[in-house]
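S.K.: Generate a structure from the sequence data that follows.
(one chain, ligands or ions: 2)
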Amino acid sequence: MLNVPSQSFPAPSSQQRVASGGRSKVPLKQGRSLMDWIRLTKSGKDLTGLKGRLIEVTEEELKKHNKKDDCWICIRGFVYNVSPYMEYHPGGEDELMRAAGSDGTDLFDQVHRWVNYESMLKECLVGRMAIKPAVSKGLSHEVEEDFSVRVVENVGKIEIVLKKKETTSWKRLGHPLENHNSLIPRKDTGLYYRKCQLISKEGVTHDTKLFCLMLPPSAHLQVPTGQHVYLKLTITGTEIVKPYTPVSDFLLSEFKEPVLLNNKYIYFLIKVYPDGLFTPELDHLQIGDSVSVSNPEGNFKTSQFQELEDLFLLAAGTGFTPMAKILNYALTNIPSLRKVKLMFFNKTEDDIIWRSQLEKLAFKDKRFDVEFVLSAPTSEWNGKRGHISPALLSEFLKRSLDKSKVLICICGPTPFTEQGIRLLHELNFSKDEIHSFTA
Ligand code: FAD
Ligand code: NAP
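M.R.: Ligands and ions are numbered 1, 2, ... in the order given. Sure, this is the predicted structure:
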């Protein structure tokens, strides 16, 4: 790949002789041949000063590195620290300095298009240019990077508040970028992942933890009630993706202060299976490590709550996760609601997620009741026992009024959910009255 020069230096066909457009060469100092450069790159010396770490470079950061002894250049989105290469550059230092601290792609293409710079400068790679939020690029003037987004979920209105960098009056707003002034059906957009940072990880039960992730700056992700996202990790070189349902901090906030600022953070209740593929890796992450989070998916719609009077939630194990947001939404947004009941199936008392929070909520809000059912309780357990069954369901699913509008949500291990749906049909609940969360 590299054009290694022969004894006669520079070799007749070497990159250092092939001058494009009559470009002049400068004499190189002794010990600064291409071969010497290759030796240096293979020596293991830290040429970027970053100890092999790759970083995301903002335009502001790139601009700062514009001196001979600290010179970064961007070529096709990749940023290189070319200072160590200065004395080896056949075109001379001044030519390289023309692109110092900036995007040198055009300059490079004029004179070096054929040079395999990716390989030549491999050891000088600092990282990739950070992708700027697209909104600032089509605008006629610069805006602050930090902007706020308000989403009015029930009407679908999205308000983006941008702040001008300079308080001048704008003659025009700007122009839409390619594909920006268009609507794409959500099913065609594909999954987009953003890198989030692990902020905290706290035990909730013996095997379930609450993970708090922080969204990257200026990212906005609002996961609708009843929907899930995909988390992505690279495990032994392969990208692994699994679905998880964010929980609201509403049950949390009862007991934990201060609550972290909403919209910047996303919480997950995740059970760690010691022999699982994904969850042990997630559990091994350190605070500050990153996890990729996709945009939301799912077919639950809050319109199913319209005029709702009785809401019944059937959850098993971590199948509780969609119920956490549903509970919050229903109790705060549905004026017609008379009763919300949660039947929560677990193996033992130790497996119950947020038990005391749920009991306190039931105490505080008279519309809400919770019943725990255990399949493997100790002899001291006075509550309900067993698995989902016709007897348990018919007793639990009592309408508050004869013809009240009902919705039943069910989530848990697939066989649990499938059996539950069968039993609900046998109890004459219609398809429209049941929402099941399945894989
Ligand atoms: P896996 O490798 O999938 O193993 C899980 C367990 O199954 C282990 O005990 C393993 O030994 C066993 N197992 C694996 N394969 C087999 C097999 N072939 N036969 C028998 N046993 C097997 N989980 C949460 O904790 N929180 C959530 O909020 C959440 N939301 C979800 C949302 C959706 C829409 C869906 C579909 C699932 C959700 N899950 C959630 C479950 C989650 O996606 C993972 O399935 C779970 O975390 C297990 O992943 P894992 O790779 O660690 O384990
Ligand atoms: P678990 O602790 O193994 O089980 C919870 C309860 O369900 C236990 O009482 C268990 O009884 C019972 N149960 C299991 N299988 C049953 C069956 N076939 N019939 C009746 N009862 C059954 O559960 P978990 O490990 O937390 O797993 C939760 C599941 O929910 C996972 O499969 C996850 O993928 C799923 N989930 C789905 C979503 C979604 O949106 N689709 C969201 C979150 C979680 P036993 O003691 O007999 O096992």
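
S.K.: for the stretch 301-439 of the chain, what spans make up the helices?
M.R.: When secondary structure is read from DSSP state H, counting those that start in this stretch, the stretch 301-439 of the chain shows helices at 321-333, 355-364, 390-396, 414-426.

S.K.: what's the first-to-last distance across stretch 42-49?
M.R.: Start to finish, the residues bounding stretch 42-49 are 15 Å apart (CA to CA, to the nearest Å).

S.K.: So which of the helices of the stretch 301-439 of the chain is nearest ligand 2?
M.R.: With CB to the nearest ligand atom, the closest approach to ligand 2 among these belongs to helix 414-426: 3.1 Å. No exception for glycine: its C-beta is placed from N, CA and C like everyone else's.

S.K.: right, is that closest one up against ligand 2?
M.R.: Yes - applying CB under 6 Å from any ligand atom, one finds helix 414-426 touching ligand 2 at P415, F416, Q419.

S.K.: from those, which would you call buried?
M.R.: For the residues of helix 414-426 next to ligand 2, a neighbour count by 16 or more other CB atoms under 10 Å gives the buried set as F416, Q419.

S.K.: of all the residues of helix 414-426 next to ligand 2, which comes closest to C409?
M.R.: Distance to C409 across those (CB to CB) is lowest for F416, with 13.2 Å.

S.K.: Check what pLDDT the closest one gets.
M.R.: At F416, the model reports a pLDDT of 98.

S.K.: Likewise for the one 4 residues further on?
M.R.: pLDDT, G420: 98.

S.K.: which residues touch it?
M.R.: Counting by CB atoms under 8 Å, 6 or more residues apart in numbering, G420 touches L314, I388, L393, I410, G412, S436.

S.K.: Point me to the residue of this protein nearest ligand 1.
M.R.: For the chain, CB to the nearest ligand atom, closest residue to ligand 1: G276, 2.4 Å.

S.K.: Is stretch 408-426 positioned near ligand 1?
M.R.: No - Stretch 408-426 lies out of reach of ligand 1 by CB under 6 Å from any ligand atom, never closer than 8.1 Å.

S.K.: And that stretch, how far out from the chain middle?
M.R.: Relative to the chain's own centre, stretch 408-426 is displaced by 30 Å; criterion: CA atoms, centre = their mean, to the nearest Å.

S.K.: Also stretch 142-159?
M.R.: Distance, stretch centre to chain centre, for stretch 142-159: 18 Å (CA atoms, centre = their mean).

S.K.: How about stretch 214-224?
M.R.: So, by CA atoms, centre = their mean, the centroid of stretch 214-224 is 8 Å from its chain's centroid.

S.K.: swap in stretch 86-99?
M.R.: Computed by CA atoms, centre = their mean, the chain-centroid distance of stretch 86-99 equals 40 Å.

S.K.: thinking again about what came up before, want to throw the contacts of G420 into CSV with pLDDT and neighbour count?
M.R.: Shown next, in CSV, are those (pLDDT from 0 to 100; neighbours: other CB atoms under 10 Å):
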residue, pLDDT, neighbour count
L314, 98, 30
I388, 98, 23
L393, 98, 19
I410, 98, 27
G412, 98, 24
S436, 98, 17
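
S.K.: In strands only, show me those residues.
M.R.: Members of those lying in strands (criterion: DSSP state E): L314, I410, S436.

S.K.: these two touch, right, the second one and Q419?
M.R.: No - using CB atoms under 8 Å, I410 is not in contact with Q419; the gap is 9.7 Å.

S.K.: pLDDT-wise, which helix or strand of the protein ranks last?
M.R.: Every helix and strand in the chain was compared by mean pLDDT, DSSP states H and E; the lowest is helix 135-138, with a mean of 58.

S.K.: Residues touching the helix or strand just after that helix, excluding its own?
M.R.: Using DSSP states H and E, the next helix or strand after helix 135-138 towards the C-terminus is strand 148-152. Contact with strand 148-152 is made by K157, I158, E159, I160, V161, H220, Q222, as judged by CB under 8 Å, 6+ apart.

S.K.: May I see the residues you listed arranged in TSV, with distance to S356 as well?
M.R.: Formatted as TSV, those follow (distance: CB to CB, whole Å):
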residue	distance to S356
K157	38
I158	37
E159	38
I160	40
V161	39
H220	33
Q222	28
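
S.K.: Narrow those residues to those that are buried.
M.R.: Neighbour-count burial (16+ other CB under 10 Å) is assigned, among those, to H220.

S.K.: Most widely separated two among the contacts of strand 148-152?
M.R.: Put simply, by CB to CB the two of the contacts of strand 148-152 set farthest apart are V161 and Q222, 15.5 Å from each other.

S.K.: got any ranges where this structure has weak pLDDT?
M.R.: The chain contains residues with pLDDT under 70 at 1-25, 113-114, 131-137, 153-154, 179, 181, 186-189, 250, 252-262.

S.K.: Residue of it closest to ligand 2, please.
M.R.: Counting by CB to the nearest ligand atom, the chain gets nearest ligand 2 through G317, at 2.1 Å.
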